Structures are given as structure tokens and as C-alpha cells.
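Engineer: pasting the sequence and the predicted coordinates here, then a few questions.
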Amino acid sequence: MEQCSWPSNSEMMQAYHEKEWCRPTRDDRYIFELLNLEGAQAGLSWSIVLAKRDAYQAAFKNFDIAYCEGLSDSDLESIKENYNVIKHFAKLQSVRSNAQAALKVQEEFGSLAEFLWSFTEGEPVINQWEDSTQMPAESPLSVQISKELKKRGFKFVGPVTTYSFLQAIGIVDDHVKTCDFHTSNRQGSR
């Protein structure tokens, strides 16, 4: 069967494609991590961010939301100087503002996952692309969620970034339909 072409020959990208991408999750810590990594990726390639993922996890205490919420500008400056993260200061500050927004969402909805999955009534959007050129950069769903996230104080969550984020956490399955990792082809799929 034809696989998704975007991971190409990169072992790191292939591992992400096979083990994480488009796999539904309701783990708030993991969702928060991917929200921030996708925001860090804005304007860059995903492979750059994945290569820095371990440094991000170390710098932000594995994306502990409460820890990230309390970071000061000097803490963020220290992270910028001492960790192999993307040095864009506004992107680093967005981890803090996203943590603050995430805590409010958790308080209101019980979890970040509950809030995000409510847009699809708890079910993933499973696309049936013939090849990856059919995959959009954004969708009406990503536009809607992006607006809602921005309204709630999240940063670096434009419609394109939000679409990638929805793929990352499995709300959207954009594996080509012949890929072994498409929902309908995985062992024990729904």
C-alpha cells in the first residue's frame, strides 16, 4: 500500500508519522505539548521542531501546564539562552500564555481535551485522501477552533497551525487512505 510521503527518509519523521500523527488523544499534557510545538513550528519545518523536542521537554518540565503558567520573562530568557529551542521570544512567551489559557479552559470544561473534542462531538474527522496533495492547509474546522482559541487567549494558533495541531492530536486523520497508519487500516481500528 502507498504510504504518506511527507516523512520521506527521515527516521525521526517516520517515527512521528507511525506512532503519533493523527492518533486520537485525550491526554491534556500531551495536547498542551503539541499545541506549543505546532506554534513553535510556525514559519519553519516540522523536522526542525521535532529535532528540538527533547530540549523543549526539558526546558518546560515535560510541558507541565501549571509549571509553564508560572514562568517569568527571566525564566523564559534563561530557557532561550540555555536550551536548544527556537529562539523566537514571542513563541517562548506563548508557552506561558497558552498555559494560562489552558488552565482556564480546564476549569470551565474539565479538560483541554474535552473542550477541543467538543467541536467534533468527540469523534475524529477521518479523511479519505488519495494522495497528500489533496490535503488542505486549513479547514473550516481549523478556522473555527483557531478563532475560539484566540478568543480564549491562546497564541500562535492561526488556522494553518491549528489544522496541523488537529492532525497532531488525532482530531483529524489525514493519512492517505492507503497508508498502513490510516484509522481504517490500523489494527483494532474503530
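Structural biologist: Yep, it's here. Numbering: from 1, shown residues only.

Engineer: for the rest of this, base every contact and every neighbour count on C-alpha atoms.
Structural biologist: OK.

Engineer: buried stuff in stretch 145-157?
Structural biologist: Of the residues in stretch 145-157, 145-147, 149, 153-157 count as buried by neighbour count, 16 or more other C-alpha atoms under 10 Å.

Engineer: now render those as CSV, adding distance to His182 and pLDDT.
Structural biologist: Formatted as CSV, the buried residues of stretch 145-157 follow (distance: C-alpha to C-alpha, whole Å; pLDDT from 0 to 100):
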residue, distance to His182, pLDDT
Ile145, 23, 98
Ser146, 25, 98
Lys147, 28, 98
Leu149, 27, 98
Gly153, 33, 98
Phe154, 30, 98
Lys155, 30, 98
Phe156, 28, 98
Val157, 25, 98
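
Engineer: out of those, which sit inside helices?
Structural biologist: Secondary structure from DSSP state H places 145-147, 149 of those in helices.

Engineer: can you pull the contacts of Glu11?
Structural biologist: For Glu11, no contacting residues are found, by C-alpha atoms under 8 Å, 6 or more residues apart in numbering.

Engineer: swap that for Ala168, please
Structural biologist: 20-23, 34.

Engineer: packing partners for the top helix by length along the chain?
Structural biologist: In the chain, taking DSSP H as the definition, the longest helix is helix 89-109. Applying 3 or more C-alpha pairs under 8 Å, 6 or more residues apart in numbering; DSSP states H and E, one finds that helix 89-109 makes contact with helix 28-41, helix 65-69, helix 73-82, helix 112-117.
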